[in-house]
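> Quick one, structure for this:
(chains A, B and C)
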Amino acid sequence: MKRFLDLADLERDAVLDLLALAARLQKHPEPQALAGKILGMVFFNPSLRTLASFQAGMARLGGTSFVVTPGQGTWKLEHRLGAIMDGDRAEHVREGIPVLASYCDAFGIRAFAEGTDLAFDLAETQFNAMAATVNKPLINLESAVNHPCQALADWKTMDELGVPQRGKFVLSWVKHPRPLPLAVPAATLHMAAMRGMDVTVLRPDGFALPDAIMEKARRAAAASGGSVSETTDRAAAMKGATVLYAKEWGSTRFYGDVEGDSTLRSQLGDWQVDERWFANADQDCRFMHCLPVRRNVAVADHVLDGPRSVVLHEAHNRMPAQMAVLHRLLANSN
Amino acid sequence: MKRFLDLADLERDAVLDLLALAARLQKHPEPQALAGKILGMVFFNPSLRTLASFQAGMARLGGTSFVVTPGQGTWKLEHRLGAIMDGDRAEHVREGIPVLASYCDAFGIRAFAEGTDLAFDLAETQFNAMAATVNKPLINLESAVNHPCQALADWKTMDELGVPQRGKFVLSWVKHPRPLPLAVPAATLHMAAMRGMDVTVLRPDGFALPDAIMEKARRAAAASGGSVSETTDRAAAMKGATVLYAKEWGSTRFYGDVEGDSTLRSQLGDWQVDERWFANADQDCRFMHCLPVRRNVAVADHVLDGPRSVVLHEAHNRMPAQMAVLHRLLANSN
Amino acid sequence: MKRFLDLADLERDAVLDLLALAARLQKHPEPQALAGKILGMVFFNPSLRTLASFQAGMARLGGTSFVVTPGQGTWKLEHRLGAIMDGDRAEHVREGIPVLASYCDAFGIRAFAEGTDLAFDLAETQFNAMAATVNKPLINLESAVNHPCQALADWKTMDELGVPQRGKFVLSWVKHPRPLPLAVPAATLHMAAMRGMDVTVLRPDGFALPDAIMEKARRAAAASGGSVSETTDRAAAMKGATVLYAKEWGSTRFYGDVEGDSTLRSQLGDWQVDERWFANADQDCRFMHCLPVRRNVAVADHVLDGPRSVVLHEAHNRMPAQMAVLHRLLANSN
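This next block holds a predicted model:
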């Protein structure tokens, strides 16, 4: 494995191998496996779990890491090709990224969607332009429409909790003050489909996931024996659900149109998860969320603090899942 | 020892043991004692000494550390229970703190006083709510009314300087542009009382330390053979003093009332330490301060740059004192 | 070697030794050479290469590092002697710097020019005041008029590229929206002179490098067999050039006079490097720049992306060059 950019780049068996490696490293630590190895990470957007879990994960394997945050201690970086750089961005990613990558053994990039042009974001234009300048093992720390580290950790969490492979997985849109990117919904949908689950995307009108994302997930489902559907009907979606995975995202009908999104969003007051959502679900139905989550906006306190919630388990699994990725990318290399 | 949150949680002998361990580690380094161990730290407020000395201390024991600063590269975190999180705080400490703690072997939190409700701050409401979510060894990196790492380093400094156990320790209020928290005065008072010193709190009218803090210190003094008193009379306080420990704090009469505090504060122009303060002190009287200190506001340049000042010695001792804490919390654990 | 503050502090042979050590460490890594050693770095100004390459370099030698950025997670620091500190700067460098240095085995400081008083900056007043408080091996991470780490990396780059020792080295002023410091032009000029090259400083009227900098370089050239000259004539300068080193700096005629600088600067629209600059140069003439560089302001995309550009090579060499410095300062010390 040279890059970890999208779960879809891997065969299903390769994902299972990563998960097995993660479990093995938890049971049998290898505190020197990455001795002398250096992970560099650049964060164009805020991070809590990714920032901390990768640093901790590298350390637990004997390696080290450094973090660069453009605009905070470092120059703001320009992305646009051909830009006349007379503004506040002192350096271009065409220099900044390969320079940073040249100091380390593996590199990670976080760069959220621009959120104005859906086709631009779906094509991972910005991330791919940076990735093309890196000739080291590369990790996607969350891009415009992907977050493979989160997806891998969530898969691991479901395995550990005994969530059946063919269980019903409901990915539901929930409320948020602003339109958030499609990265986690897209990655989560794909992960659940690839795991072989019966996935239902539950979302209000105007928030359908883009066709390209749905089609890609359907192909994964076809290969794994799962299925993918979508609906606006909460009761139908939740009937028999074994997992409710809540996530916030922006209106795809009004992508890049803040006012249109806001008007639509303001009418969706009841898209906050509370216990009533689980009335027809499997009685052991789990509540999942990638975090950060806005309490009492996206989900009520009593669900997060109740027995269904496995959000801390998911977040913790970021570390062992990523340790497996780091191990595969870096162990036994020179 | 599972937590290091308050010097008062420890028996006096346990503090002496920590100080002995700190001295031993300085004389006989143990560069592999914490190999493979990870310290996570979250700073809700600025830091210079704590930030650097804990990172350096972990490294000197063979361990590693990571730092998270909410609002700088990481989401702003919400503290209020039951909050409807539709503002600028994207994540709640009820998720953020236990997630970060789950990646490491020991965890540290810095969270200053809110400064509006004295009872809320005296109860360490905010810090304790976070501490309750952490099931790892935990270190108080400065909370609303405590700073045990500073207190331990100061005790060590006095020992090294040969300051007599029964010496007269004057903790004096000094000028500052704004009301600062009670953490260091409270921790310093307690430390000096626990060490067995005759402690005098010298402060203007309106700046008395809260009864709860004074009473707690009096109990420590009773156990150690020391004493605690307070006065507004500088000459009386400084007579025979062996240590002048200067510190800034907000008016307790006008706690949370910026205007009231400011009016009172504006009349206290002569509460800046200069050499005249030492006229009746012991001739070897030391000047101590936890830093950061505002030169020529809290204390005159000639005192800081003169032979009485031991502020750099105190600051350096943060590292060995904390190394002893880390060693006790983490060495020989799994 | 106790300090690495200025290439001019070293004999030419000592620089050659450092370069040989850098090459040796690249060929024969010493992953434990600095085991247990700690580098502390304080950045008063933004950094990308220095920040990342020093952390990576320490890690590759088995050591660790910590970074402090005043104003970002740490107090803003006051530099002025005798200041009455009642503003937004909570701590003075007279405390902050020696305290940080006391936690580590080597220390680095980045502090750009103030840019108002040329004599103040040329004397390195600010950097030297801080350096005087540090009793550890000290590294200049870029000061008012120096950047020895960049200079050493650039020397190494030219050696690796086979740029002849007596080649013609053109240091040319190029456009930038604002007046930048003299650190890199001064250090680069000195480095090329010390290497023994025929150095031409090409700059518009009003941007002559200060006499003190030119004279110092001339002395270095005299000792190494090189030469130093200056001109405003681009065609004459570029004739036969083997290296074009582009750099932005502020008008020395209008030092600290933003309006005067701006007026002069606005008339210099054609000081952007493009391929036409190389018409009379050696056909293999290299394009060098220390980065960050503003594309299509200082230099056209086609030059940066073309075969002449060695800017990534230079940036990468920061790491091995600095590893040699760190090795010399710290290896075999206690």
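> C-alpha from now on. contacts and neighbour counts both.
Will do.
> residue contacts, the closest residue to A:Pro179 other than its chain neighbours?
Excluding its sequence neighbours, the residue lying closest to A:Pro179 (C-alpha to C-alpha, 6 or more residues apart in numbering or on different chains) is A:Gly250, at 3.7 Å. By C-alpha atoms under 8 Å, 6 or more residues apart in numbering or on different chains, the contact list for A:Gly250 reads A:178-182, A:207, A:261.
> Among these, give me the pair with the biggest separation.
Greatest spacing in the contacts of A:Gly250, by C-alpha to C-alpha: A:Leu182 and A:Asp261 (14.1 Å).
> Of these two, which one has the most company?
Between A:Leu182 and A:Asp261, A:Leu182 has the larger neighbour count (other C-alpha atoms under 10 Å in any protein chain shown), namely 29 against 20.
> quick check: domain ranges of chain A?
As assigned by automatic domain parsing, chain A contains the domains A:3-146+A:316-330, A:150-314.
> Return, as residue ranges, the portions of chain A with sub-threshold pLDDT.
Under the criterion pLDDT under 70, the flagged ranges of chain A are A:333-334.
> re earlier: now the domains of chain A in a markdown table, with distance to B:Val42?
Converted to a markdown table, the domains of chain A look like this (distance: least, C-alpha to C-alpha, whole Å):
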| stretch | distance to B:Val42 |
| --- | --- |
| domain A:3-146+A:316-330 | 10 |
| domain A:150-314 | 16 |
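> returning to that earlier point: now the contacts of A:Gly250: which count as buried?
For the contacts of A:Gly250, a burial check counting by 16 or more other C-alpha atoms under 10 Å in any protein chain shown picks out A:179-182, A:207, A:261.
> all strands for chain A, in order.
Secondary structure of chain A (DSSP state E): strands at A:3-4, A:38-43, A:64-68, A:77-78, A:91-92, A:106-110, A:138-140, A:168-173, A:198-202, A:227-231, A:243-247, A:286-288.
> Adding mean neighbour count, write those strands out as JSON lines.
Shown next, in JSON lines, are the strands of chain A (neighbours: other C-alpha atoms under 10 Å in any protein chain shown):
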{"stretch": "strand A:3-4", "mean neighbour count": "20"}
{"stretch": "strand A:38-43", "mean neighbour count": "24"}
{"stretch": "strand A:64-68", "mean neighbour count": "22"}
{"stretch": "strand A:77-78", "mean neighbour count": "22"}
{"stretch": "strand A:91-92", "mean neighbour count": "22"}
{"stretch": "strand A:106-110", "mean neighbour count": "24"}
{"stretch": "strand A:138-140", "mean neighbour count": "24"}
{"stretch": "strand A:168-173", "mean neighbour count": "27"}
{"stretch": "strand A:198-202", "mean neighbour count": "25"}
{"stretch": "strand A:227-231", "mean neighbour count": "19"}
{"stretch": "strand A:243-247", "mean neighbour count": "24"}
{"stretch": "strand A:286-288", "mean neighbour count": "23"}
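> Which of these sits closest to chain B?
Across the strands of chain A, the minimum distance to chain B, taken as C-alpha to the nearest C-alpha, is reached by strand A:38-43, at 7.8 Å.
> that older thread, indicate which one of the domains of chain A is closest to C:Gln55.
Nearest to C:Gln55, of all the domains of chain A, is domain A:3-146+A:316-330, at 6.8 Å by C-alpha to C-alpha.
> Of all the strands of chain A, which one is nearest A:Ala324?
Of all the strands of chain A, strand A:3-4 sits nearest to A:Ala324, with 11.0 Å by C-alpha to C-alpha.
> can you list contacts of that closest one?
In contact with strand A:3-4 (C-alpha under 8 Å, 6+ apart) are residues A:137-140, A:148, A:325, A:329.
> same thing but at 6 Å, please
Around strand A:3-4, the neighbours that count as contacts under C-alpha atoms under 6 Å, 6 or more residues apart in numbering or on different chains are A:137-139.
> and if you look at stretch A:305-324?
Residues from elsewhere that reach stretch A:305-324 (C-alpha under 6 Å, 6+ apart): A:18, A:21-22, A:53, A:57, A:153-154, A:157, A:286-289.
> redo that, cut-off 7 Å
With contact meaning C-alpha atoms under 7 Å, 6 or more residues apart in numbering or on different chains, stretch A:305-324 is reached by A:18-19, A:21-22, A:26, A:49, A:53-54, A:57-58, A:149-150, A:152-154, A:157, A:285-290, A:303, B:95, B:99, B:102-103.
> likewise stretch A:118-128?
Contacts to stretch A:118-128, defined as C-alpha under 7 Å, 6+ apart, come from residues A:111, A:113-114, A:143-145, A:255.
> List the buried residues of it.
A:118, A:121-122, A:124-127.
> cool, and stretch A:2-21?
Applying 16+ other C-alpha under 10 Å to stretch A:2-21 flags A:3-8, A:12, A:15-16, A:18-19, A:21 as buried.
> and of those, the nearest to chain C?
Comparing these against chain C with C-alpha to the nearest C-alpha places A:Arg3 closest, at 20.9 Å.
> so what's the residue of the stretch 101-250 of chain A found nearest chain B up against?
Closest to chain B within the stretch 101-250 of chain A is A:Pro177: 6.0 Å, counting by C-alpha to the nearest C-alpha. The contact partners of A:Pro177, by C-alpha under 7 Å, 6+ apart, come to B:Asp86.
> Need phi/psi at it.
A:Pro177 adopts backbone torsions of phi -60, psi -30, taken as degrees, to the nearest 10.
> And for A:Gly63?
Backbone torsions for A:Gly63, taken as degrees, to the nearest 10, come to phi -90, psi -180.
> How about the contacts made by A:Ala186?
Counting by C-alpha under 7 Å, 6+ apart, A:Ala186 has contacts A:145-146, A:213.
> So it versus chain C, what's the distance?
According to C-alpha to the nearest C-alpha, to the nearest Å, A:Ala186 and chain C sit 32 Å apart.
> Give me every residue in chain A that's in contact range of chain C.
When proximity is defined as C-alpha under 7 Å from any C-alpha of the partner chain, chain A approaches chain C at A:36, A:38, A:64, A:66, A:73-75, A:82-86, A:90-91, A:95, A:99-100, A:102-104.
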